[in-house]
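A.B. asks: Provided below for reference: sequence and predicted model.
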Amino acid sequence: MEARIERLAVMDSRQFQVAVKRLADSLSYGTDRSPLLGSGLEYVQSRPYQYGDPIKAIDWRVTARTRKVHVKEYEAPKRLPVYLLVDTSASMTISSIARSKYETAVFLAGGLALACLDRISPVGLLGVGERGIHVRPSLSKDAVMQWLHRLRTFRFDEQTTLSGRIAQLSSTLPQRALIILLSDLHDPESLPGLKRLGQRHDVAVLQLRDPAEVGLRGVGFLRAREAETGRSFVVRGRDGWLEQAHVTDELKRAGIDHLRIETDVPFVSTVRHFFKNRNILGRGAR
């Protein structure tokens, strides 16, 4: 069964772009050390002139001081490619409030993608549902807007492929990358994969939680079945449905940056401080 994000359905393409860009600006606010960061070349050192060096590269100050011709050497800024892993599985789309985890994840993915492009970091997307969405990192804003509009449509019967996609991505990345996962972490097999991924790459996990996952008041014992994996479980209504302490400890022990986002409270400032305090978006600069 297929559907679209209702809150965004009333938006046309232009309104959707403006909304995502506004979020990107908010996420970027206060995280830049300099407006010129990443916009040019960085001076490293001066060395003696060699035949073939361009005249414009001569360091006249060092040449005058040493009386030998020196040229300046620069280092090109290097940025980590960024992969956004967006959970498109069924548990993300079911919500007890107006804004679902999936809707929040799509908005955050758009804002983060545009914020990364502002820092000249190529951005790619990997869907961790069954649809097989995979967009390799690029600096194309059009490509970002295309996969964002594609994400506005979702299905209620997708199963999670988080652990498998993590293993697939880890084996195919040729160089270190920044990987940001937006998921509810309902796949118990994903934690070992995330820990292995964190050994080779910078990993940040934005875990989205619906209020119903924290606990249901006025409910006794509850028998339920996980929509994606088919796993049955019995839980008391006031208890959380996920072993949150175990998840948090495992991610912390692996050195993976982790933020829980409650979908029923404003989250933009929390996410902005999370990225700013850890300098996640600025990693890999030179």
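C.D. replies: Nice, I can see it.

A.B. asks: Just the pLDDT for the residue sitting nearest the centre point of the chain.
C.D. replies: Among the residues of the chain, Ile180 comes closest to the average C-alpha position under CA atoms, centre = their mean, at 2.9 Å. Reading off the confidence values, Ile180 has pLDDT 92.

A.B. asks: hang on, it packs against Leu206?
C.D. replies: Yes - counting by CB atoms under 8 Å, Ile180 touches Leu206, with 6.7 Å between them. (Glycine included, C-beta is placed from N, CA and C.)

A.B. asks: any idea of the mean pLDDT in the strand or helix carrying Arg272?
C.D. replies: Per DSSP states H and E, Arg272 falls inside helix 268-278. Average pLDDT, helix 268-278: 83.

A.B. asks: Check which helices and strands it sits against.
C.D. replies: helix 13-28, strand 202-209, strand 257-262 (3 or more CB pairs under 8 Å, 6 or more residues apart in numbering; DSSP states H and E).

A.B. asks: can you put the ones you listed in CSV and add mean pLDDT?
C.D. replies: Formatted as CSV, the helices and strands packed on helix 268-278 follow (pLDDT from 0 to 100):
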stretch, mean pLDDT
helix 13-28, 68
strand 202-209, 91
strand 257-262, 91
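
A.B. asks: Export those as CSV, with columns for mean neighbour count and distance to Asp118.
C.D. replies: Compiled in CSV, these are given as follows (neighbours: other CB atoms under 10 Å; distance: least, CB to CB, whole Å):
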stretch, mean neighbour count, distance to Asp118
helix 13-28, 16, 6
strand 202-209, 22, 18
strand 257-262, 17, 20
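
A.B. asks: out of the ones you listed, nearest to Met92?
C.D. replies: With CB to CB, the closest approach to Met92 among these belongs to strand 202-209: 7.2 Å.

A.B. asks: Report all helices and strands that the closest one contacts.
C.D. replies: helix 101-118, strand 178-183, helix 190-200, strand 257-262, helix 268-278.

A.B. asks: Ok, which of these comes nearest Ile166?
C.D. replies: Per CB to CB, nearest to Ile166 of the helices and strands packed on strand 202-209: helix 190-200, 3.8 Å.

A.B. asks: In contact with the closest residue to Leu173 other than its chain neighbours, which residues?
C.D. replies: Spatial nearest neighbour of Leu173, excluding adjacent residues (CB to CB, 6 or more residues apart in numbering): His201 at 6.9 Å. By CB atoms under 8 Å, 6 or more residues apart in numbering, the contact set of His201 is 170, 173, 176-179.

A.B. asks: before we move on, the earlier item: so which of the helices and strands packed on strand 202-209 gets nearest Ser140?
C.D. replies: Of all the helices and strands packed on strand 202-209, helix 101-118 comes closest under CB to CB, at 8.5 Å.

A.B. asks: ok so, going back, pull the most distant pair out of the contacts of His201.
C.D. replies: The farthest-apart pair in the contacts of His201, when distances are taken by CB to CB, is Ser170 and Leu178, at 13.7 Å.

A.B. asks: the more surrounded of the two?
C.D. replies: Leu178 (23 against 18; other CB atoms under 10 Å).

A.B. asks: ok, back up a step: next, the residue nearest to Leu173: phi, psi?
C.D. replies: phi -140, psi 170 (degrees, to the nearest 10).

A.B. asks: Count the neighbours of Asp53 for me.
C.D. replies: Neighbours around Asp53, by other CB under 10 Å: 16.

A.B. asks: sorry, that was for Lys56
C.D. replies: With other CB under 10 Å as criterion, Lys56 counts 7.

A.B. asks: per-residue confidence for it?
C.D. replies: 80.

A.B. asks: Check Arg4 too.
C.D. replies: 61.

A.B. asks: repeat for Arg99
C.D. replies: For Arg99, pLDDT reads 82.

A.B. asks: Are we agreed that it is in a helix?
C.D. replies: No - counting by DSSP: H, G, I helix; E, B strand; the rest coil, Arg99 falls outside a helix, being coil.

A.B. asks: Now for Pro211: which residues touch it?
C.D. replies: So Pro211 contacts 96-97, 262-264 (CB under 8 Å, 6+ apart).

A.B. asks: rerun at 10 Å
C.D. replies: 95-97, 262-265 (CB atoms under 10 Å, 6 or more residues apart in numbering).
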